[in-house]
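Asker: next comes the sequence, and after it the predicted model I'd like to discuss.
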Amino acid sequence: MLKVELKDGSKLDVEEGKLIIEVAKELSPSLAKKCCVAKLNGKLVDLKTPINESAKLELVMYSDSEAFEVLNHSCAHLMAQAVCRLYPGTRMGVGPAIEEGFYYDFSIPTAITNEDLPKIEAEMKKIVKENIAINHYMLSKADAKNKFKDDKFKCELIDAINDDMVGIYEQNDYADVCRGPHVMSTGLIKNFKLLSCAGAYWRGDSKNEVLTRIYGTCWATEEELKNHLAVLEERKARDHRKLGKELGIFMFDELVGRGLPMWLPNGFIVRRKLQDYIMDKEYELGYKHVMTPCLGNVELYKTSGHWAHYKDDMFPKMDVDEESYVLRPMNCPHHMVMYRSTLHSYRELPLRIAEIAADFRFEASGALTGIERTRAFYQNDSHIFCTPSQIGDVFKEVTKLILDVYNDFGFKNYKFRLSLRDPQDVEKYFGNDELWERSESELRQVLNELGVDYYEAIGEAAFYGPKLDVQVRSAIGHDVTLSTIQLDYQLPERFELEYIDEKGQKARPVVIHRAILGSMDRFVAFLLEETKGIFPVWLAPVQVKLIPVNLEFHKDYTDNLFAKFKKAKIRAEVDYRDEKLGYKIREAQMKKIPYQLVIGDNEVKNGTVTYRKYGEQQQVTVSVEEFIDMISKAEKEMK
């Protein structure tokens, strides 16, 4: 008899070769029905796995987080079986579970679209009713390649396996190369939904064949599936690409070029308000704002090291007048040259140079995502030149600025990641051990003093120094890196930067790269999704919509109000169209304008305004002066 220790510490005597599902049934038949897979000595395995040695056994319920990946992986196989039945001759790529579901890549003889997904779902439900057993076995690589000889993708995957034996999962007329684990039968995969299909290069390489990728999601219960689908619908409503179009924030056009956003009047106002906001904060902290060209000589990037390490992500160079120029992917080389142009004393440091700068990176077309990821963007960038002894204070100052900004915008769902070098692989990092150990210790100490919740990532530092990244969880579930602080010992060396120290000797400064809002484009995308396009008054492109009831009787008073608002720097618009009043009000609501003012007989007679706030039904009548004061106060207090 073998000794099996359960999760609660209790022990069982088990016959050698007994299946885990049999052990579960002996413990409790009802418990066994709730089991998805199990952990045998910490490794996830099928419930049909035999116990051949004394071990620790943990049953994984469908309600456990680890079951979600297994269930979705099994559902990917279920979908693949349905596709192969419906479209004979289909060849299969890979079908992994992902964070919120699964996908599978296919080469299908017939082109399919989202309209075909219900048909595939219906076939999947038939297979579920068949309740086909899902079985696992091993084959030699030669036998596995023979089994899948008509599928070049599977044969390529088999060749890549670093083992003599290959795991196969089979469910009746369908088989797949897979490590597993999986649920016991297709009848256990009930609550699923196919979401979309798209093109995807085989193995993510643009030189390879484009396959059809079908996405789906699967949950343990019908209620969980329903809730998740509701979340997906909410995300669609918050998608910045949808909101940007509806609210007139930005646009793209193939004639201009992929990944090149054009900011419309409303979007420009939002951008300008954000730019003024962050530049004012920087000015108060002693930053000096500069402007540098968006082009640079290739020699500049060879000096900085970017040409050797980053050239593939840059646009091709342009040869002009026996010189080679390139659109810059970042601003640091320009700022290094700017610092170097003047002799500096230690008394001037830290020197804070900041810029809202246009940068250009050649992102793959498949990676472009609205204004979240583009080929042309603006960065809220800064480089702080300081002495080694000032690193801790500067780092604390910048971290406090990040926290201050996040507080202003009400961001709460974020985390700090302190990226450190790998002490077991120091060769790939620039600088000496003492410098790294001191700077890492200082950064850690600063975060502890500020009470910041952070985690450490060993081996994730940049080669030129440790860094702190801030990951913000967006309303639609994306992890977005908004802010970053990076220590750099290398650029000062490459550009031979110097300052005169307290002893009158030349010394090398340290550079701290710092971005607070990061990419202005990405920040606006994040705000759109976070607020669902309902900007606070201070940031709204249009703060007030004036709607006269009757143009013949109320236009003059409306014009007078508009002039007063303009003088008070209130961003207002008047709807002069000859449309029904209800239509105008609904449209103002759809545009998410903070205040709608309906101007009728009473307002003209009493010299007042009657407003309704966005999302509210209540109408409030106040004097013109009170209303102007209210908007001005909201602007000043960032509300």
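Answerer: Perfect, thanks for sending it. Numbering: from 1, shown residues only.
Asker: now Glu66: closest residue in space, sequence neighbours ignored.
Answerer: Using C-beta to C-beta, 6 or more residues apart in numbering and skipping residues adjacent in sequence, the residue nearest Glu66 is Val60, 5.3 Å away. Any C-beta I mention is one placed from the backbone N, CA and C, and that applies to glycine too.
Asker: that neighbour reaches Lys39, doesn't it?
Answerer: Yes - Val60 lies in contact with Lys39 (C-beta atoms under 8 Å); the separation is 6.3 Å.
Asker: need the residues touching each of these two.
Answerer: Glu66 (C-beta atoms under 8 Å, 6 or more residues apart in numbering).
Asker: could you find the closest non-adjacent residue to Tyr87?
Answerer: Residue nearest to Tyr87 in three dimensions, not counting chain neighbours: Ile108, with 5.0 Å by C-beta to C-beta, 6+ apart.
Asker: for that neighbour, give its distance to Arg85.
Answerer: 12 Å (C-beta to C-beta, to the nearest Å).
Asker: neighbour count winner among those two?
Answerer: Neighbours of Ile108 and Arg85, each counted by other C-beta atoms under 10 Å, are more numerous for Ile108; the result is 19 against 16.
Asker: that's a helix at the residue nearest to Glu66, yeah?
Answerer: No - with DSSP: H, G, I helix; E, B strand; the rest coil as the criterion, Val60 is strand rather than part of a helix.
Asker: from here on, count from 16
Answerer: Okay, using 16 as the starting number, the last item reads as Val75.
Asker: model confidence for it, exactly?
Answerer: For Val75, the pLDDT comes out at 93.
Asker: ok, it - contacts?
Answerer: With contacts defined as C-beta under 8 Å, 6+ apart, Val75 is in contact with 50-54, 59, 81-82, 85.
Asker: again, but for Glu239
Answerer: So Glu239 contacts Asn206 (C-beta under 8 Å, 6+ apart).
Asker: could you pull up phi and psi at it?
Answerer: Backbone torsions of Glu239, given as degrees, to the nearest 10, read phi -60, psi -40.
Asker: and it, what's its pLDDT?
Answerer: 96.
Asker: returning to what we had before: now list the buried members of the contacts of Val75.
Answerer: 50-54, 59, 82, 85 (16 or more other C-beta atoms under 10 Å).
Asker: so what's the closest residue to Met605 other than its chain neighbours up against?
Answerer: In space, Met605 comes closest to Glu261 once its chain neighbours are excluded; the distance is 7.5 Å by C-beta to C-beta, 6+ apart. Contact partners of Glu261, counting by C-beta under 8 Å, 6+ apart, are 548, 605-606.
Asker: nearest to Ile293, of the residues you listed?
Answerer: Distance to Ile293 across the contacts of Glu261 (C-beta to C-beta) is lowest for Gly548, with 21.1 Å.
Asker: for that closest one, give its distance to Thr64.
Answerer: Shown here: Gly548 relative to Thr64, a distance of 51 Å by C-beta to C-beta.
Asker: need phi/psi at the residue nearest to Met605.
Answerer: Main-chain torsions, Glu261, degrees, to the nearest 10: phi -60, psi -40.
Asker: mind giving me the domain ranges of this protein?
Answerer: For the chain, automatic domain parsing gives the domain ranges 17-76, 81-253, 277-307+346-546, 559-651.
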